[in-house]
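A.B. asks: sequence unknown, structure follows:
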């Protein structure tokens, strides 16, 4: 694998019973890329990135991260190079743990705090939390934080090991408008300040910031299209992707999604036709 390719999947598949969560995903990410992974709920986004981050197994196909296949000898070392921000994943495991302990757990490549921690590492963890507006929450239990605060804790955890890859799994989900915009600003600042490969997972077009120049579209666990973001986020491509007429407009460095007027007119006509039929 080329030194510039940090993630490579070849026909990667994941079965749950008889159902494919992922079906033959072939994709590669180069160092310094900034990707958006886009799709509807249940399309396989979290499953794919959980596998890449080293926290979930797959059924068939191939995966290489930093030119290596995961095994018992290297999995913890590779995990430390990946910042994994996923509320849907970590909310299953973290409850009463303190904010500080969660951030420090990144040092072990596991969900627990390492046995030996230096003063410098504790200082770094506290500084990250302070920078993210959580100075007063450092010793608070994770489950008593707001959704936005928990997301910032996971971002601090992700940057504890100065990751080469940052994976953000739907970080805006469940946040109010202000909290989401503040989070997107934080992500933008981190992207500009660090030479980090970023993969941003979302199902909201308006969250796609300008520096996400490459896109992977997933549908029903399979690759729909891969390419430049500007070429994929068009009304024509998205209408086919959703199998429904939609309009995509780009203004003020954001994509805006709406249902096309002809679709609304058709829906109204169909509704009137049904009402007429029921009155006969």
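C.D. replies: Noted; the coordinates are in hand. Computed from a predicted model, the values in this text were never measured in an experiment.

A.B. asks: What segments of this structure are strands?
C.D. replies: Using DSSP state E, the strands of the chain run over 5-16, 19-30, 34-38, 60-65, 82-86, 165-169, 197-202, 214-219, 222-228, 246-251, 254-259.

A.B. asks: Which of the ones you listed sits closest to residue 73?
C.D. replies: strand 60-65 (13.9 Å; CB to CB). To be clear about C-beta, it is placed using only N, CA and C from the backbone, and glycine gets the same treatment.

A.B. asks: Report the angle between that closest one and strand 165-169.
C.D. replies: 130 degrees (axes from the mean of the first three to the mean of the last three CA atoms, to 10 degrees).

A.B. asks: Summarise which helices and strands strand 60-65 is packed against.
C.D. replies: The contact analysis (3 or more CB pairs under 8 Å, 6 or more residues apart in numbering; DSSP states H and E) places strand 60-65 against strand 5-16, helix 45-52.

A.B. asks: Throw the strands of the chain into JSON lines and include mean pLDDT and distance to residue 102, thanks.
C.D. replies: Output for the strands of the chain, formatted as JSON lines (pLDDT from 0 to 100; distance: least, CB to CB, whole Å):
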{"stretch": "strand 5-16", "mean pLDDT": "95", "distance to residue 102": "25"}
{"stretch": "strand 19-30", "mean pLDDT": "95", "distance to residue 102": "26"}
{"stretch": "strand 34-38", "mean pLDDT": "94", "distance to residue 102": "24"}
{"stretch": "strand 60-65", "mean pLDDT": "96", "distance to residue 102": "23"}
{"stretch": "strand 82-86", "mean pLDDT": "89", "distance to residue 102": "12"}
{"stretch": "strand 165-169", "mean pLDDT": "91", "distance to residue 102": "16"}
{"stretch": "strand 197-202", "mean pLDDT": "92", "distance to residue 102": "20"}
{"stretch": "strand 214-219", "mean pLDDT": "96", "distance to residue 102": "29"}
{"stretch": "strand 222-228", "mean pLDDT": "97", "distance to residue 102": "33"}
{"stretch": "strand 246-251", "mean pLDDT": "92", "distance to residue 102": "37"}
{"stretch": "strand 254-259", "mean pLDDT": "90", "distance to residue 102": "31"}
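
A.B. asks: Of the ones you listed, which is nearest residue 135?
C.D. replies: So among those, strand 82-86 is nearest, using CB to CB, at 19.9 Å.

A.B. asks: Partner strands of that closest one, with direction?
C.D. replies: Here strand 82-86 is paired, per DSSP bridges, with strand 165-169 (parallel).

A.B. asks: right, so the helices and strands packed on strand 60-65: which one is the most enclosed?
C.D. replies: helix 45-52 (a mean of 23; mean count of other CB atoms under 10 Å).

A.B. asks: that older thread, export the helices and strands packed on strand 60-65 to a markdown table and append columns for distance to residue 81.
C.D. replies: Listed next are those as a markdown table, based on distance: least, CB to CB, whole Å:
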| stretch | distance to residue 81 |
| --- | --- |
| strand 5-16 | 9 |
| helix 45-52 | 12 |
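
A.B. asks: ok, residue 28 - contacts?
C.D. replies: Taking CB atoms under 8 Å, 6 or more residues apart in numbering, we find residue 28 in contact with 5, 7-9.

A.B. asks: Turn those residues into TSV, columns for distance to residue 199.
C.D. replies: Shown next, in TSV, are the contacts of residue 28 (distance: CB to CB, whole Å):
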residue	distance to residue 199
5	14
7	8
8	13
9	12
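
A.B. asks: what's the closest of those residues to residue 79?
C.D. replies: Using CB to CB, those come closest to residue 79 at residue 7, 13.6 Å.

A.B. asks: I appreciate the help and will end here.
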